[in-house]
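Enquirer: What follows is a predicted structure for the sequence shown.
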Amino acid sequence: MPIVTDANTKEVTVTLSKDIIRKLLDKHDKNKDNRLSKYEIKNVFIELDSLFPGWRAWRAFKCADYDGNGYVDEHEKEKLVDYIYELGYIYK
């Protein structure tokens, strides 16, 4: 997990690991049905300070919702994790 330090502000940023992303997705599964709706995924991107969380959620569904049922199910979740990981979000 890359760690970047800004010498001017003494701020440390850490790139999200796939484990952290999985925990974040589980946190936003509000009704605990082991599947994520577009609304729940949009809230994940809001927490990640995405510039366009609605658009990111839409792109995430295009990438991960293989069966087209409007949810990212448990068997589709790893593709969603990969998508978010590739975007390179960081913790500050």
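Expert: In hand now; what should we look at?
Enquirer: which stretches of this protein have low pLDDT?
Expert: Within the chain, the ranges that satisfy pLDDT under 70 run 1-12, 92.
Enquirer: those helices in it, which residues are they?
Expert: Per DSSP state H, the chain carries helices over the ranges 18-27, 38-47, 53-64, 77-87.
Enquirer: Mind putting these into CSV with mean neighbour count and distance to G70?
Expert: Bear in mind the C-beta positions are built from the backbone N, C-alpha and C, glycine included. Conversion of these to CSV gives the following (neighbours: other CB atoms under 10 Å; distance: least, CB to CB, whole Å):
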stretch, mean neighbour count, distance to G70
helix 18-27, 15, 16
helix 38-47, 18, 7
helix 53-64, 17, 8
helix 77-87, 17, 14
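Enquirer: Could I get those helices in CSV, plus columns for distance to Y71?
Expert: Formatted as CSV, these follow (distance: least, CB to CB, whole Å):
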stretch, distance to Y71
helix 18-27, 12
helix 38-47, 8
helix 53-64, 9
helix 77-87, 10
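Enquirer: so what's N34 closest to, chain neighbours aside?
Expert: The shortest distance from N34 to any non-neighbouring residue, by CB to CB, 6 or more residues apart in numbering, is to E74 (4.9 Å).
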